[in-house]
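Undergrad: structure for the following, please:
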Amino acid sequence: MSCKRRVCVAITARPSYSRIRTALEHLAQYSAIDLQILCSGSALLDRYGRIIDLIRADGFNVTEELFTFIEGNEPINMALTTANTIQATASAIRRINPDFLVTIADRYETLGTAVAGAYLGVPLIHIQGGEITGNIDEKVRHAVTKLADVHLVSNSNAARRVQQMGEAPTSIHVTGCPSIDLAREALRLPIEEVEQSIRSQGSGPAIALDKDFIVVLQHPETDCHEQSFAHMFLTLEAVAQTGLPALVFWPNIDAGADGAAQAIRTFRDRGNGASIQVVQNLEGHLFLRLLQQCTCLVGNSSVGIRESAFLGTPVVNIGRRQSGRERASNVMDCDWDAQQVRAALRHQLGQGHYPSSTIYGDGFAGSEIARVVGELACNL
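TA: Numbering: from 1, shown residues only. This next block holds a predicted model:
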């Protein structure tokens, strides 16, 4: 008798696709699995690159599109989007009747997916549980852990924390982080492909990628979102003072995103003697190849902690958004203080690339995740 099972993966934003893409590729090859994909949140929004189009271009079938995102720049919009995600996901689960539901990391949409699945009795698989982070993300991550039935974690320390939360050791599997798979694959790409993609969408003077340059990727801190304009402006001023050109990426959709985006526009419009090119979004492999090429990454994105550890990219991590995460030697932390940021930049710009670290995986997590999920499907 066939053991083919329906495995539904919820993708809500560009980071969640990066962190599941290689696993999807391997899951699609399993004859025991009927792969379903739900897209919601910013994955459907033009101003965040419409990740759903990239998912389809990569050859995956999107089972349903769930329009859940509530526009706005306040924390209440994240809560309302979470509520919409619960409602829309619950309805979708009733329609498509999956045997397993997969949710990723620590965003508020992740929590909405987990609540819907838990109440409808669908076994929930959580990827990247057990990690410590700043802001509300850690609360969401741990809440999803308690709602989940199976835990696919990045490393042994994360596994230990999940077990300390009371989860059965047999439900915990150390698979590594699938985004490291993309970093490993990205190393093979010619930098000319990155240049071509940036040229097609970037605004501002083109930056030569064969010379020193900085990448800025900074998101709002949700517990002080009203300071997002000031935080972004501080970072851009410190970067401009290095004299190096910079590629600046738009922030994510958390509360405070509008303030951060406005700071980028204001800084660029004022000139400030800085060479800045603003980019909306890059495909995951291209972005990671860019990080491998750059002189330094500045901001507060988890990519500075995870993928950059594997790539050896020097990172200046600012503020509390990534507080508690395990770091490799490539990360230098500082507060929202102009003098500290400038000093950290000077240090990292003179450092050169660091040795590659595998604290978040060796680049083969996707196949391991697919193996675990495939075994679960056959044993259900």
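
Undergrad: run through this protein and note the low-pLDDT ranges.
TA: In the predicted model, the chain carries pLDDT under 70 at residues 1-3, 202, 272-273.

Undergrad: ends of stretch 167-175, how far apart?
TA: Using CA to CA, to the nearest Å, one end of stretch 167-175 lies 17 Å from the other.

Undergrad: give the buried residues for it.
TA: Neighbour counts using 16 or more other CB atoms under 10 Å place E167, I172, H173, V174, T175 of stretch 167-175 among the buried residues. Bear in mind the C-beta positions are built from the backbone N, C-alpha and C, glycine included.

Undergrad: quick one: contacts for the second one?
TA: When contacts are counted by CB atoms under 8 Å, 6 or more residues apart in numbering, I172 touches H151, V153, A159, V162, Q163.

Undergrad: got the contact list for the host helix or strand of the fourth one?
TA: Per DSSP states H and E, V162 falls inside helix 156-164. In this structure, residues lying in contact with helix 156-164 by CB under 8 Å, 6+ apart are Q128, G129, G130, E131, I132, T145, H151, V153, P169, I172, V174, E326.

Undergrad: one more pass at 6 Å, please.
TA: G129, G130, E131, T145, H151, V153, P169, I172, V174 (CB atoms under 6 Å, 6 or more residues apart in numbering).

Undergrad: how deep is the fourth one tucked in, by neighbour count?
TA: Meaning T145. T145 has 25 neighbours, counted by other CB atoms under 10 Å.

Undergrad: tell me the contacts of it?
TA: T145 touches G129, V162, M165, counting by CB under 6 Å, 6+ apart.

Undergrad: and the strands in this protein?
TA: 5-11, 33-40, 64-66, 100-104, 124-127, 150-153, 172-174, 214-217, 246-249, 276-279, 296-299, 315-318, 331-334 (DSSP state E).

Undergrad: need these in a markdown table (columns: distance to R371).
TA: Below are these laid out as a markdown table (distance: least, CB to CB, whole Å):
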| stretch | distance to R371 |
| --- | --- |
| strand 5-11 | 13 |
| strand 33-40 | 11 |
| strand 64-66 | 27 |
| strand 100-104 | 14 |
| strand 124-127 | 13 |
| strand 150-153 | 11 |
| strand 172-174 | 9 |
| strand 214-217 | 32 |
| strand 246-249 | 34 |
| strand 276-279 | 36 |
| strand 296-299 | 32 |
| strand 315-318 | 31 |
| strand 331-334 | 31 |
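
Undergrad: those strands: which one's closest to A263?
TA: strand 246-249 (10.0 Å; CB to CB).

Undergrad: given that closest one, what are its sheet partners and their directions?
TA: strand 214-217 (parallel), strand 276-279 (parallel) (DSSP bridges).

Undergrad: so which of those is nearest A309?
TA: The closest of these to A309 is strand 214-217. By CB to CB, the value is 15.2 Å.

Undergrad: ok now the closest one, how far from the chain's centre?
TA: Relative to its parent chain, strand 214-217 has a centroid offset of 15 Å by CA atoms, centre = their mean, to the nearest Å.

Undergrad: and that strand, C-alpha only, in PDB?
TA: Taking C-alpha atoms only, strand 214-217 is exported to PDB below (Å, rounded to 0.1, in the frame of the first residue of the first chain):
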ATOM      1  CA  ILE A 214      29.800  47.500   2.100                       C
ATOM      2  CA  VAL A 215      26.400  45.900   2.300                       C
ATOM      3  CA  VAL A 216      23.800  47.400   4.600                       C
ATOM      4  CA  LEU A 217      20.800  45.200   5.700                       C
END
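
Undergrad: one step back: E74 is nearest to which of the strands of the chain?
TA: Short answer: strand 33-40, nearest of those by CB to CB, at 20.0 Å.

Undergrad: and that closest one, which strands flank it?
TA: strand 5-11 (parallel), strand 64-66 (parallel).

Undergrad: relative to strand 100-104, how tilted is the first one?
TA: In terms of direction (axes from the mean of the first three to the mean of the last three CA atoms, to 10 degrees), strand 5-11 departs from strand 100-104 by 20 degrees.

Undergrad: what's strand 5-11 in contact with?
TA: Applying CB under 6 Å, 6+ apart, the set of residues contacting strand 5-11 is 17, 33-39, 43, 98-103, 113, 377, 380.

Undergrad: can you add distance to G256 and give the buried residues of stretch 167-175 back as a markdown table?
TA: Formatted as a markdown table, the buried residues of stretch 167-175 follow (distance: CB to CB, whole Å):
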| residue | distance to G256 |
| --- | --- |
| E167 | 33 |
| I172 | 34 |
| H173 | 35 |
| V174 | 34 |
| T175 | 32 |
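
Undergrad: which one of these sits closest to T12?
TA: T175 (20.3 Å).

Undergrad: that closest one contacts A365, correct?
TA: Yes. The criterion here is CB atoms under 6 Å, and T175 meets it with A365 at 5.0 Å.

Undergrad: just checking, what packs against the helix of greatest length in the chain?
TA: The helix spanning the most residues in the chain, taking DSSP state H as the definition, is helix 75-96. For helix 75-96, the contact count by 3 or more CB pairs under 6 Å, 6 or more residues apart in numbering; DSSP states H and E identifies strand 33-40, helix 108-119 as packing neighbours.

Undergrad: try 10 Å this time
TA: On a contact count with 3 or more CB pairs under 10 Å, 6 or more residues apart in numbering; DSSP states H and E, helix 75-96 meets strand 5-11, strand 33-40, strand 64-66, strand 100-104, helix 108-119.

Undergrad: list the buried residues for that helix?
TA: Using 16+ other CB under 10 Å as the test for burial, helix 75-96 gives 75, 77-78, 80-82, 84-86, 88-90, 92-93.

Undergrad: one more: stretch 224-233?
TA: Under the neighbour-count criterion of 16+ other CB under 10 Å, stretch 224-233 has C224, H225, Q227, S228, F229, H231, M232, F233 buried.

Undergrad: done for today, thanks.
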